[in-house]
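Visitor: I need the structure of the sequence given here:
(one chain, ligands or ions: 1)
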Amino acid sequence: MQGLGNSYIYVDGFKENIPNEESLPNLATEVANLHTGIGSDGLILILPSNLADVRMRVFNSDGSEAKNCGNGLRCVSKYVFEHQYVEHKHFSIETLGGIVESLVHLDEDGAASEVTVDMGVPRLKRKDVPMHGEGDELEEHVIDATEHIDGVDYTFTAVSMGNPHAVFFVDSVGEASVETVGPLVEQAALFPEGTNVEFISIKNGTEIDFAVWERGSGMTQACGTGACAAVIAAVLNKKVKKDEAIVVHLSGGDLTIRWSSKDDHVWMKGPAVTVCTGTYMIDG
Ligand SMILES: N[C@H](CCC[C@H](N)C(=O)O)C(=O)O
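Guide: Next up, the predicted model:
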């Protein structure tokens, strides 16, 4: 399945025997491989849950397990609704980053083509990103440029949506050095668990252009948690307003994000698409 081109191989843990724990990182890397596997940004497991209606586990293409995945949440929502694992259009999903609420929107054929996810409250304390450094409250941070980051001073805002994000403001997303600055920030010592890296430019009060270098997967077409982090960072830096429905233009398409001042929750709305189903022969 894919959400705005951010594709994962989804395994239905209600039907399949999930391989043993230690084999999951390698399985993620294996199935994600375009040439010797299937080809995706990673692996997502759809599982029963004791805490919510269903549970989602996310593995990046490098095998690392992530605590949240916005595009994944929309596709898991579509899948569990259409497979009748949930009784209503509104249900909860357990992730390592917390429990979120999902609402599927049906098209004229009764398919769940769009999904709204209440992504919960963003985490803005340094220790919750997590990010090293002094002071608890996050304000705009300057990362010291070195010669291998073309010697330019970059500023970014760090936000957690259950997973870490460093959001950079650039004049033009098309000219951003995503493939050079992205991996350097992803692995910067500042972030003990690494980080996803977003590059955004503010088009106007309700639109943001967006590119992303994902932790553990590299350049992807879209990052749902990253789009949420982008809007949070834009509000914190007074470039857009809370409660406004902000359209984030990602490479793979648009997401609508709103940070509500009523409950401080972040809402994400966007598409979810089933590409194909099949059987994968695990080596050995
Ligand atoms: N690479 C992310 C996980 C996938 C997030 C992204 N695909 C999304 O849609 O939010 C991380 O390691 O935190």
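Visitor: contacts for stretch 246-256 next, please.
Guide: Where contact means C-beta atoms under 8 Å, 6 or more residues apart in numbering, the residues beyond stretch 246-256 that reach it are 2-6, 70, 200, 203, 206-212, 221-224, 227, 230-231, 234, 240, 245, 257-258, 268-271. Using the backbone N, CA and C atoms, a C-beta is placed for each residue, glycine as well.
Visitor: among the residues you listed, which lie within helices?
Guide: Counting by DSSP state H, the contacts of stretch 246-256 place 70, 224, 227, 230-231, 234 in helices.
Visitor: may I see the buried residues of stretch 67-83?
Guide: By 16 or more other C-beta atoms under 10 Å, the buried positions in stretch 67-83 come out as 67-82.
Visitor: low-confidence stretches in the protein?
Guide: Along the chain, segments meeting pLDDT under 70 span 135-154, 283-284.
Visitor: how is this structure carved up into domains?
Guide: As recorded under automatic domain parsing, the domains making up the chain are 2-119, 126-267.
Visitor: the last one: end-to-end distance?
Guide: So the one you mean is domain 126-267. In domain 126-267, first residue to last residue: 22 Å (C-alpha to C-alpha, to the nearest Å).
Visitor: say whether the ligand is contacted by it.
Guide: Yes: counting by C-beta under 6 Å from any ligand atom, the ligand has neighbours in domain 126-267: 163, 196, 214-217, 220, 223-226.
Visitor: ok, and which of the buried residues of stretch 67-83 reach the ligand?
Guide: Intersecting the buried residues of stretch 67-83 with the contacts of the ligand gives 69-72 (criterion: C-beta under 6 Å from any ligand atom).
Visitor: quick revisit: and the residues of domain 126-267 next to the ligand as TSV, adding neighbour count and distance to Val185?
Guide: Below are these laid out as TSV (neighbours: other C-beta atoms under 10 Å; distance: C-beta to C-beta, whole Å):
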residue	neighbour count	distance to Val185
Asn163	28	14
Asn196	28	9
Glu214	28	12
Arg215	27	10
Gly216	21	14
Ser217	23	15
Thr220	24	15
Cys223	35	14
Gly224	27	19
Thr225	33	16
Gly226	32	13
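Visitor: max pairwise distance over those: which two?
Guide: Using C-beta to C-beta, the two most remote members of those are Gly216 and Gly224, lying 15.0 Å apart.
Visitor: how about the helices in the stretch 51-200 of the chain?
Guide: 70-82, 178-186 (DSSP state H, counting those that start in this stretch).
Visitor: format these as CSV; extra columns: distance to Thr157.
Guide: Formatted as CSV, those follow (distance: least, C-beta to C-beta, whole Å):
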stretch, distance to Thr157
helix 70-82, 18
helix 178-186, 12
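Visitor: nearest to Lys125, out of those helices?
Guide: Judged by C-beta to C-beta, the one of the helices of the stretch 51-200 of the chain that comes nearest to Lys125 is helix 178-186, at 19.7 Å.
Visitor: ok, which residues in the stretch 1-150 of the chain are in contact with the ligand?
Guide: 6, 58, 60, 66, 69-72.
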